[in-house]
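S.K.: Requesting a structural model of the entry that follows:
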Amino acid sequence: MPSVALVVTLILVLGCNTPAVQGNTCAKEDMKFKGTCYKFVKQPVSWTQAQKFCISKGGNLLHSIDGETKEFLNQHLDQDQAWWVGKDLSNETSKMKPTDPPSWLRGSRVDSFCTYIILDPTLQLVTTSRCNLRLYFVCQKEYEVKIRKRRDSNSTQLQYMNILLNSSATLLSREDLNKMSEFIIKGANSILMSSRSVCPKANASSKEIEILSDLYMKIIDNIEQAKLNATEPGDPPFITNTAFFSSYISSETLQDLGNMNLFISDKQASFILPDVDTMKLKIKTDQAIKIQMMSFKHNPFTWPSKENITGTVASLSMSTAGQQIALSNLTKYIEIILPRPEIQTPPLTFLSTTGNPIIITLNITNPNDTVVVTVEPSITVLLQLHLARGFEPTSTKYHFTTDLSFNKPADYRWLLTPEMLNSGLGTWYLKVTPVDYTEKKNLTFRVMTFTSRCLFWNPGSQDWSADGCKVGIRSQPWEMHCLCNHLTFFASSYFVMPNTVDLSRTAEYFSTINQNYVVVLLVSAFYALYLVTVAWAWWEDRKAVKKRNLTLLTDNNPCAQYRYLLTVYTGHRRGAGTSAKVVVTLIGSEGESDPHHLTDPEKPVFERGGVDMFLLTTPFSLGELQTVRLCHDNSGDCPAWYAVKVVVKNLQTMQRWHFLCNSWIGQGKGTGELQRTFTPAQKNEITSFSNIFHSKTTSGFKDQHIWISVLDPPHRSPFTRVQRVSCCMSLLLCTMAVNIMFWNMPVDPNSPVVFQFTSALVFTSQEIMIGVESALLMFPINILIITIFRSIKPRDPNSKKSKKNDLPKKSPCPQTPSEAFETLLKDTKLLVDALSKNKKNNVPPLDGDLTSGTDFNTALDLIEMFILQLQGEQNPSEPHWIHASRYVCLSLMHVSKGLENVGPEFFPSPEAYNYSANRVKHMVQYLDQVCTKQAPESVISTFFTMLYGFKYGKESSIKWVLSMGLSLFQSIFILQPLKVVGLAIFFALILKRMDDEESDEVEKSLSGETLPINY
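M.R.: Modelled structure (predicted):
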């Protein structure tokens, strides 16, 4: 017995220890010819280096050439270029021999010569003693030869093992033979399973795994054959039961085979043979018939296949007098039970009705699959089913029909076979009608659908086929029932069909709102929170306009035209901002600037976490900047200032210098100095991991983290707070919809309880997993929605004005400024009057005519009241609000055009004019972007969230709220931070690039497109 085990072990261990075989294809850069890989390396090296390189790639220098190979080399070698080859190169066709070395070298050792080939003009073989010449070289690797050698070696060793097994069968008792075979099979199982995960990938290609699996099956066949030879009629069966493989071997008479149930255990496959009369039609013998049944926990045929094999694979064979009995085309089927313990119960759909028909939608994608539909009512009742493709069936118009009644569990199951579904793929409708149902309480249906196929292994094509097999009525997701008319290896495939909601029952679902108000309250609370938050965000966006402004330093020399852009970054740590007045001085190789006060009368500067931009001018270039000097007067309540960095950009040459500060400036913190001097950072400092990682994480949390960025977005980002809040609302509603659609899964009784609030409200790990899976599923949707919002560019009314101005004007006489102002006031009054005429808009009328810029701002206040009313409306998709918002948007565009033609002379001050212009511009952008782009997605998500909530009931809805909260928690505190940190690490380690987040906005500000300059 140890000898046999040793032989088997040695054979199987070859799967991991044989030198690497890279499969039946060469590497991408290699060329394949006649089962050999050739690598033409155009890198000059010595002969020794060339040989080492080829060995490292699993081959050697070119060492074998025949006539066809010579022709192949002629096509791929460069003319007049020498290539190193192996010293033992021979030519089987042309008998090409190396040229003799010179006479003065003939006394040298043979090993001191090296060989190369050259195409001059035909292939020449040359020997030389100068092995240190640097030449190109050719590597050669034969893989099919190794595979053939492997198979030949395996075949020889299998013969030896077969001899040992046959000897053991005659010398050992039945009990010892069974123990020995079980011992060998367990070892073979372990080695086969571990080889797939333990063997290095380079040594375990698909071809190698195929060889190893084929070898495993031959070992099993030899062992089972030895037990068959030792089995006689009347002997008890040989039963082998291991974790991966089980077998049943017995010797029976033909009369005993009728309706025989071949069974090992519940976890293994089983067979039920047809009656003896059916068997006698194919078996013509009176001798004993030996039966061999094998059951594999997983598919032993591991090479690639188009079929998705799941669960147990089994085989059944019969023989008599050493000859196989070919059973095929039986008139009655052999029943096969194939367990699938790893398959979980698919999602169930529970549908309630008062006795009216229900409609089940099926999406058929594969015409070869059998669809198993289970419709189990809560009360025993006769069901009438109608099936149709492309339309909802009726009692008179359908494709197929059947009646289901309860006699045994399988009676409420219907098989939709490939023959029934061959009329086409797509949407099929199944109508279920209770017959003579008179009960008062609702009838609930438990619906489960999945697809499957029964397959057999075809040795000729080395693949799975479905000929002669079909799915049986007792099929379940965890146990397949197959009917086949022949013998071989059998298996099954499986696919879960997604559940759908019957939209025709929407009114019925929403009628239960008084019984299940959880989802309605939650959705309403989110919308109320959204309205409050978006109003706050709009207000903050209006205040942030000033912070976006680029500051032109007031102490610049009016005649100085050489411009430098200063971007100053203040830290995020506590107390980093300063109340003191900061002064900067630039020192360059060609001069020094005057000290400049970095102040802005229109906005606060150097706030905690702020990024401030200043335009500094000098009479001439300062040359290469060498230092920047920062100081302040230590005034105010919080004078200490933590400066992170200063970026100076020469706007003439576009050269940029980074000054990495990361220091406190002020008394009481850091060194306590009021003045610090910093030198430009070197390239390795700028691209260092710590600098890029810190910069990317800081900017990432302020801009990329969609939830946190609402509180503190980048000052110059075109992605406004209102857009970010709307984006968060869309993501929240999508998360709710995705989470609730996957919520009503079958309960796992083994799922541990995490929280228990009441006896009816239990929160298990299954609910936690639904929250985790929903968050992961929403992660790519999250990125997509954010990308879409970021890609939306504000529409500038100026661009519309310029396009319209290209067209011929209706009036040849341009208006005077006074006339233009009158027209502006008249158009604005008409807009307010039109809004006030409709009570829905809730806009009061004007007290009188508009006569001044102050009156114009009063009218704008009334228009803003309409926009707030629009936001407060619960149904923004109502036609009134759609048309009203479009009218206001277009009218405001016209007002904006007229406002630009008027100029600031009719307003109390330029600031008042700029304020009015900005108000109109932002209202246009708000109406054009936010209101029209967020509504459809949110309405759809809200609809399906509430629909599923009404469908599941109150208690399930409460549990779903807890799971959805977990999913939201993961998005805010785990997935989003991981995304920010991951991108920061990618930029720091891979790209090593330091982007200037402000550069694009700076160019726009200097061109006057978006950022005004304060004087």
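
S.K.: which helix of this structure spans the most residues?
M.R.: Looking across the chain with DSSP state H, the single longest helix is helix 518-547.

S.K.: Which neighbouring elements make contact with the next helix or strand after that helix?
M.R.: Downstream of helix 518-547, the first helix or strand assigned by DSSP states H and E is strand 550-552. Judged by 3 or more CB pairs under 8 Å, 6 or more residues apart in numbering; DSSP states H and E, strand 550-552 is in contact with strand 611-618, helix 999-1006, strand 1013-1014. C-betas here are computed from N, CA, C, even on glycine.

S.K.: Now the element after strand 550-552, going C-ward?
M.R.: Counting by DSSP H and E, the next helix or strand C-terminal to strand 550-552 is strand 562-570.

S.K.: what's the helix or strand that that next one is followed by in contact with?
M.R.: For strand 562-570, the following helix or strand on the C-terminal side (DSSP H and E) is strand 582-588. Residues from elsewhere that reach strand 582-588, judged by CB atoms under 8 Å, 6 or more residues apart in numbering: 564, 566, 592-599, 605-606, 616, 618, 621-633, 641, 646, 648.

S.K.: Output the helix or strand containing Ile863 in PDB, but only the C-alpha positions, please.
M.R.: Here Ile863 sits within helix 853-872, counting by DSSP H and E. What follows is helix 853-872, C-alpha atoms only, in PDB (Å, rounded to 0.1, in the frame of the first residue of the first chain):
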ATOM      1  CA  GLY A 853     -31.700 101.300  -9.700                       C
ATOM      2  CA  THR A 854     -33.000 100.800  -6.200                       C
ATOM      3  CA  ASP A 855     -36.400 100.000  -7.600                       C
ATOM      4  CA  PHE A 856     -34.700  97.500  -9.900                       C
ATOM      5  CA  ASN A 857     -33.200  95.700  -6.900                       C
ATOM      6  CA  THR A 858     -36.600  95.600  -5.200                       C
ATOM      7  CA  ALA A 859     -38.000  93.800  -8.300                       C
ATOM      8  CA  LEU A 860     -35.200  91.300  -8.100                       C
ATOM      9  CA  ASP A 861     -36.200  90.500  -4.500                       C
ATOM     10  CA  LEU A 862     -39.600  89.600  -5.700                       C
ATOM     11  CA  ILE A 863     -38.200  87.300  -8.400                       C
ATOM     12  CA  GLU A 864     -36.100  85.600  -5.800                       C
ATOM     13  CA  MET A 865     -39.300  84.900  -3.800                       C
ATOM     14  CA  PHE A 866     -40.500  83.000  -6.900                       C
ATOM     15  CA  ILE A 867     -37.400  80.900  -7.000                       C
ATOM     16  CA  LEU A 868     -37.700  80.000  -3.300                       C
ATOM     17  CA  GLN A 869     -41.400  79.100  -3.900                       C
ATOM     18  CA  LEU A 870     -40.200  76.900  -6.800                       C
ATOM     19  CA  GLN A 871     -37.800  75.100  -4.500                       C
ATOM     20  CA  GLY A 872     -40.500  74.500  -1.900                       C
END
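
S.K.: pretty sure Leu362 contacts Trp428?
M.R.: Yes - the pair Leu362 / Trp428 is scored as a contact, 4.4 Å apart, by CB atoms under 8 Å.

S.K.: what touches both of those two?
M.R.: Shared contacts of Leu362 and Trp428, defined by CB under 8 Å, 6+ apart, comprise Leu416.

S.K.: higher neighbour count, the two?
M.R.: Using other CB atoms under 10 Å as the criterion, Leu362 and Trp428 rank with Trp428 on top: 24 against 20.

S.K.: That one: what's it in contact with?
M.R.: 361-364, 387-390, 416, 421.

S.K.: Which helix or strand contains it?
M.R.: Secondary structure assignment for Trp428, by DSSP H and E: strand 426-434.

S.K.: now do Arg629
M.R.: Using DSSP H and E, Arg629 sits within strand 625-632.

S.K.: and if you look at Asp827?
M.R.: helix 817-836.

S.K.: rewinding a little: only whichever of the contacts of strand 582-588 are buried, select them in ChimeraX.
M.R.: In ChimeraX syntax, the buried subset of the contacts of strand 582-588 is picked out as below (16 or more other CB atoms under 10 Å):
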select :564,566,593,596,598,599,605,606,616,618,622,625,628,629,630,631,632,641,646,648
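
S.K.: Next secondary structure element downstream of the longest strand belonging to the chain?
M.R.: For the chain, the longest strand by residue count, based on DSSP state E, is strand 443-458. Later in the chain than strand 443-458, the nearest helix or strand by DSSP H and E is strand 463-465.

S.K.: For the strand holding Trp428, C-alpha coordinates in CSV please.
M.R.: Once non-C-alpha atoms are left out, strand 426-434 reads as follows in CSV (Å, rounded to 0.1, in the frame of the first residue of the first chain):
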residue,chain,number,x,y,z
GLY,A,426,-37.0,39.3,-24.4
THR,A,427,-39.9,40.0,-22.0
TRP,A,428,-42.5,37.3,-21.3
TYR,A,429,-45.5,37.8,-19.1
LEU,A,430,-47.0,35.2,-16.8
LYS,A,431,-50.6,35.8,-15.6
VAL,A,432,-51.6,33.9,-12.4
THR,A,433,-55.3,33.7,-11.7
PRO,A,434,-56.8,32.1,-8.5
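
S.K.: okay, the angle between that strand and strand 443-458?
M.R.: Taking axes from the mean of the first three to the mean of the last three CA atoms, to 10 degrees, one finds strand 426-434 and strand 443-458 inclined to each other by 130 degrees.

S.K.: For the strand holding Arg629, name the packing helices and strands.
M.R.: Under the contact criterion of 3+ CB pairs under 8 Å, 6+ apart, strand 625-632 touches strand 582-588, strand 641-650, strand 656-665, strand 675-678.

S.K.: what helices or strands is the shortest one leaning on?
M.R.: I take that to be strand 675-678. The helices and strands touching strand 675-678, judged by 3+ CB pairs under 8 Å, 6+ apart, are strand 625-632, strand 656-665.

S.K.: right, so of those, which gets closest to Gly59?
M.R.: Among the helices and strands packed on strand 675-678, the nearest to Gly59 by CB to CB is strand 656-665 (50.2 Å).

S.K.: hmm, back to that, could you dump the contacts of Trp428 to TSV with secondary structure?
M.R.: Shown next, in TSV, are the contacts of Trp428 (DSSP: H, G, I helix; E, B strand; the rest coil):
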residue	secondary structure
Thr361	strand
Leu362	strand
Asn363	strand
Ile364	strand
Leu387	strand
Ala388	strand
Arg389	strand
Gly390	coil
Leu416	strand
Leu421	coil
